[in-house]
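**Q** pasting the structure only:
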């Protein structure tokens, strides 16, 4: 693999029209910056190549350029909510760059560790969104060829974004697919290891490895040197995920196994097929998260912003008396008009707050809702609907009374702070709407003043016409016809 020295590369102040704000990461062939687009007024991510003039070998230099602009071509023709959008591409001196959507979140690599495994339903939801992205890309003739956790981004709202199409293959008449070892060794498909042509099923295999890693915290084959890993991929059958983690459903183990079959023709052929089976599997789980251990739930509570300031023993109290619930996108958690003495804190995903079917606001991880029901037990003034797959901590008023006075006091302080923040937001919206209405009234008055006054003759004619009309209503029709004819 071609590697270029990027250590000496200083961050430029500008790339094209974009102002550089921060360095997001450095790789083998360049650096990714966070930048600002002053024209569209949004943050973007810019992948900026190393100085190509340092590469003396012309073929090697052309290879780097092809890689950059292959990604620009591939991603630039893909417009899907689960694929990082590409906005621009170009050259600056001896550097090439591509401008992409800035995703505020983490790579899936952060969740693919033993101590940070996602709940089963959440992991499945991530893979389903990846399936949707791949199915769309494959329909457009694009094979990603480098599916791995670090190329999958996940936002705080649990939205998945597939990134890095730098070694993608695009099916077009002037592009012959390079046959050989491409991608990351641990996530390579058997056909890539055999240096055969990689089709959509190769991406499915790699996604199967990602799923294996998310569910178990391990990769299917024993890590080692590249030759050892490639030999295992080509010749060994991995353990079922249920052998590594016995609490997982057998049906889920069968789905992962089908993704990792050596023969591409026996795998899932399309992303939508895999997504369909995963959705059925999740439905069978009823989205209940009994499989999450107490230790993991306790850890999740301590990381939520809502519980910032709570002592460890108070979080233990909350954990003891709380319930955990999960919902699919579109499911209603709170119904407007109903009464319930309980409130919720979002542990995963996002929800929409709606009043009379009109969106009021969206809430994300760490935020609470339903606290009014605990304070005064009045009917709900709005509905709350799952925007994505969500995991909630629910606490009833009765359960809250079982905690210590100090813990209760912290909750009511949080409630007061939340209500105050929302009141300020509502006030800002009211002021903005009032200002807009005043502007509309002023514009209307100004428009009325600009209308030219009627001439005296026109006023007299109008009055005369009105007089005739009221005196002889039967002649109104003929008078009007006569006027139209003249």
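**A** That came through fine. Bear in mind the structure is a predicted one, so any value in this text is a computation, not a measurement.

**Q** C-alpha only now, for contacts and for neighbours.
**A** Fine.

**Q** mind listing what the closest residue to residue 396 other than its chain neighbours touches?
**A** Leaving aside its sequence neighbours, residue 396 sits nearest to residue 342 (C-alpha to C-alpha, 6 or more residues apart in numbering; 3.9 Å). By C-alpha atoms under 8 Å, 6 or more residues apart in numbering, the contact list for residue 342 reads 370, 371, 373, 374, 394, 395, 396, 397.

**Q** and those residues, which of them are buried?
**A** 370, 371, 373, 374, 394, 395, 396, 397 (16 or more other C-alpha atoms under 10 Å).

**Q** ok, now which ones touch residue 70?
**A** 165, 166, 167, 168.

**Q** I meant residue 205, not that one.
**A** Counting by C-alpha under 8 Å, 6+ apart, residue 205 has contacts 187, 188, 189, 259, 260, 261, 267.

**Q** ditto for residue 354
**A** 360, 361, 382, 383, 384, 385.

**Q** three-state assignment of the second one?
**A** Put simply, residue 361 is strand when judged by DSSP: H, G, I helix; E, B strand; the rest coil.

**Q** residues near it, how many?
**A** 12 (other C-alpha atoms under 10 Å).

**Q** from residue 387, how far off is it?
**A** Counting by C-alpha to C-alpha, to the nearest Å, the gap from residue 361 to residue 387 is 11 Å.

**Q** shared neighbours, the two?
**A** With C-alpha under 8 Å, 6+ apart, residue 361 and residue 387 have common neighbours residue 352.

**Q** tell me who's in contact with the residue positioned nearest the centre of the chain.
**A** Most central in the chain under C-alpha atoms, centre = their mean is residue 159, positioned 2.4 Å from the mean C-alpha point. Contacts for residue 159 (C-alpha under 8 Å, 6+ apart) come out as 82, 126, 129, 388.

**Q** if we use 10 Å, what do you get?
**A** For residue 159, the contact set (C-alpha atoms under 10 Å, 6 or more residues apart in numbering) comprises 81, 82, 103, 105, 125, 126, 129, 153, 349, 350, 388, 389.

**Q** now swap in residue 24 and tell me
**A** Counting by C-alpha under 10 Å, 6+ apart, residue 24 has contacts 31, 32, 33, 34, 35, 45, 46, 47.

**Q** at 8 Å instead, please
**A** 31, 32, 33, 34.

**Q** what helix or strand is it on?
**A** Assigned by DSSP states H and E, residue 24 falls within strand 18-26.

**Q** next one: residue 80
**A** Assigned by DSSP H and E, residue 80 falls outside every helix and strand.

**Q** now for it, how many residues are close by?
**A** Quick note: residue 80 (other C-alpha under 10 Å) scores 16 neighbours.

**Q** can you list the low-confidence ranges for the chain?
**A** Counting by pLDDT under 70, the chain has low-confidence residues at 1-9, 28, 114-117, 172-183, 283-293, 425-486.

**Q** what about residue 408, neighbour count?
**A** With other C-alpha under 10 Å as criterion, residue 408 counts 16.

**Q** scan the contacts of residue 159 and report the most crowded one.
**A** residue 349 (26 neighbours).

**Q** ok, it touching residue 367?
**A** No - assessed by C-alpha atoms under 8 Å, residue 349 is found out of contact with residue 367, at 10.6 Å.

**Q** before we move on, the earlier item: what does the helix or strand following the strand holding residue 24 contact?
**A** Next in sequence after strand 18-26, counting helices and strands by DSSP H and E, comes strand 30-37. The contact list for strand 30-37, computed with C-alpha under 8 Å, 6+ apart, reads 4, 6, 17-26, 42-50, 102.

**Q** what about the strands in the stretch 301-450 of the chain?
**A** 323-327, 332-334, 342-348, 351-355, 358-363, 368-369, 383-386, 390-396 (DSSP state E, counting those that start in this stretch).

**Q** can you lay out these as TSV showing distance to residue 423?
**A** Shown next, in TSV, are the strands of the stretch 301-450 of the chain (distance: least, C-alpha to C-alpha, whole Å):
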stretch	distance to residue 423
strand 323-327	28
strand 332-334	20
strand 342-348	18
strand 351-355	15
strand 358-363	13
strand 368-369	14
strand 383-386	18
strand 390-396	23
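
**Q** near residue 148, how many other residues are there?
**A** Neighbour tally, residue 148, other C-alpha under 10 Å: 25.

**Q** distance of it from residue 202?
**A** 12 Å.

**Q** residue 43: which element?
**A** With DSSP H and E as the test, residue 43 turns up in strand 42-49.

**Q** roughly how far does the residue lying closest to residue 270 once chain neighbours are set aside sit from residue 155?
**A** Leaving out its chain neighbours, the residue that sits closest to residue 270 by C-alpha to C-alpha, 6+ apart is residue 135, at 6.3 Å. As defined by C-alpha to C-alpha, residue 135 lies at a distance of 21 Å from residue 155.

**Q** alright, I will stop here.
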